[in-house]
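[1] Have a look at this fold, sequence not included:
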């Protein structure tokens, strides 16, 4: 039904969540149910992404053939090894957890904050393991959960760096890897001839300061599909480099 209604990807729910009551890692859909949904998505050329937390739910999704694991909280080495072997992406949503840890006390239920704290501690321990094993980590936001708002999702890049990525790795996760994860790697994600020209110009060096990428004043130009849709004055020149609204091929 979702494909009939025109969706680009199918997202499955294989476990509970940090913000849902009860055990966050409790599995929900069975392996047979997940496999059936993944097969239907793939038959019609759609990617199958799976919300999964904890060993059992994540392993079920990998075994079912899911293309990406969304969140992947409390992921372990066995899951990571199988994801690498089967080329499964991890859409890591770290800002989501960190926001609840930093701001949730007294504002959100205690059980939610406690689960987020436990999850963040696990992330700090295991994120480097995922990088070392070569898990393909893509950018995600889960905007709409507490303290994560549409338009501010670039703050996730700082979480990647804090947990062990270099700034360059974080940028690749948000561009090239994210495009590949949703099946758009041949269209967007890298600066190459023939791809859609979605580009931003930054004042400053995000390889030295990743926070520049979520500061509106640092973003001096936005190009969408080859057309410039936004410019802001430069602090040094008073212009945005003399760019014009021309379209690239």
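    Now that the structure is in, tell me what you want to look at. These numbers come from a predicted model, not from an experiment.
[2] in stretch 14-30, what counts as buried?
    Within stretch 14-30, the residues that count as buried by 16 or more other C-beta atoms under 10 Å are 14, 15, 16, 17, 18, 19, 24, 25, 27, 29. Any C-beta I mention is one placed from the backbone N, CA and C, and that applies to glycine too.
[3] Correction: the previous question concerned stretch 190-209.
    195, 198, 201, 203, 206.
[4] Who are the packing partners of the longest helix anywhere in the chain?
    Criterion DSSP state H: the longest helix present in the chain is helix 110-133. Helix 110-133 is packed against helix 77-86, helix 94-103, helix 156-163, with contacts defined by 3 or more C-beta pairs under 8 Å, 6 or more residues apart in numbering; DSSP states H and E.
[5] Make JSON lines from those and add distance to residue 46 and mean pLDDT to it.
    As requested, those are exported to JSON lines (distance: least, C-beta to C-beta, whole Å; pLDDT from 0 to 100):
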{"stretch": "helix 77-86", "distance to residue 46": "18", "mean pLDDT": "98"}
{"stretch": "helix 94-103", "distance to residue 46": "25", "mean pLDDT": "97"}
{"stretch": "helix 156-163", "distance to residue 46": "25", "mean pLDDT": "97"}
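[6] mind putting those in TSV, distance to residue 169 included?
    Formatted as TSV, the helices and strands packed on helix 110-133 follow (distance: least, C-beta to C-beta, whole Å):
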stretch	distance to residue 169
helix 77-86	16
helix 94-103	14
helix 156-163	7
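[7] In CSV: those helices, plus mean neighbour count.
    Converted to CSV, the helices and strands packed on helix 110-133 look like this (neighbours: other C-beta atoms under 10 Å):
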stretch, mean neighbour count
helix 77-86, 16
helix 94-103, 21
helix 156-163, 21
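[8] nearest to residue 59, of those?
    helix 77-86 (6.0 Å; C-beta to C-beta).
[9] Need the residues that contact the closest one.
    Residues from elsewhere that reach helix 77-86 (C-beta atoms under 8 Å, 6 or more residues apart in numbering): 55, 58-59, 62, 69, 72, 88-90, 129-130, 133-136.
[10] Low-confidence ranges, the chain, go.
    Scanning the chain for pLDDT under 70 picks out the ranges 237-249.
[11] And the buried residues of stretch 190-209, which two are furthest apart?
    So, these by C-beta to C-beta: farthest apart are 195 and 203, at 24.4 Å.
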